[in-house]
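[1] Pasted the sequence and its predicted model underneath.
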Amino acid sequence: MQLIIDIPSTSLGDKIIQILNAFKNDGVKIKKQVESQKNDESLLTKEYIKENWRELVMTSGDSSDYYKSDQYYEDRAKDYEERGKI
């Protein structure tokens, strides 16, 4: 399982990292530490996506509820309509 969290302060982040490091023997690994960003959109440059697409896909979350929703069917119908398939 992978987990991405936003931590509001550096001091709290340091404490959480200490706690996670206590579980290293159990296989917990900290893959990447990122200092706070202005916003997520600034990260999504073409170059960033090209270099990190695997991680983005793996951490994008479970969207299975969306595929079962009415909104999914509305979005698909709109897409088909725009492509001229209906």
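    Looks like it came in fine. Numbering: from 1, shown residues only.
[2] got a list of contacts for the helix or strand of the chain with the lowest mean pLDDT?
    For the chain, counting by mean pLDDT, DSSP states H and E, helix 64-67 ranks last in confidence among helices and strands (a mean of 74). Contact partners of helix 64-67, identified using Cβ atoms under 8 Å, 6 or more residues apart in numbering, comprise Tyr72. Where C-beta positions appear, they are placed from N, C-alpha and C, glycine not excepted.
[3] next structured bit after it?
    Using DSSP states H and E, the helix or strand that follows helix 64-67 towards the C-terminus is helix 70-83.
[4] What mean pLDDT does that next one get?
    In this model, helix 70-83 has a mean pLDDT of 86.
[5] CA atoms only: put stretch 66-77 into PDB for me.
    The C-alpha trace of stretch 66-77 is given here as PDB (Å, rounded to 0.1, in the frame of the first residue of the first chain):
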ATOM      1  CA  TYR A  66     -16.800   6.900 -10.500                       C
ATOM      2  CA  TYR A  67     -17.200   4.100 -13.100                       C
ATOM      3  CA  LYS A  68     -20.300   3.000 -11.400                       C
ATOM      4  CA  SER A  69     -21.800   6.500 -11.100                       C
ATOM      5  CA  ASP A  70     -24.400   8.300 -13.200                       C
ATOM      6  CA  GLN A  71     -21.700  11.000 -13.800                       C
ATOM      7  CA  TYR A  72     -19.500   8.400 -15.600                       C
ATOM      8  CA  TYR A  73     -22.300   7.500 -18.000                       C
ATOM      9  CA  GLU A  74     -23.100  11.200 -18.600                       C
ATOM     10  CA  ASP A  75     -19.400  11.900 -19.300                       C
ATOM     11  CA  ARG A  76     -19.100   9.000 -21.700                       C
ATOM     12  CA  ALA A  77     -22.300  10.000 -23.500                       C
END
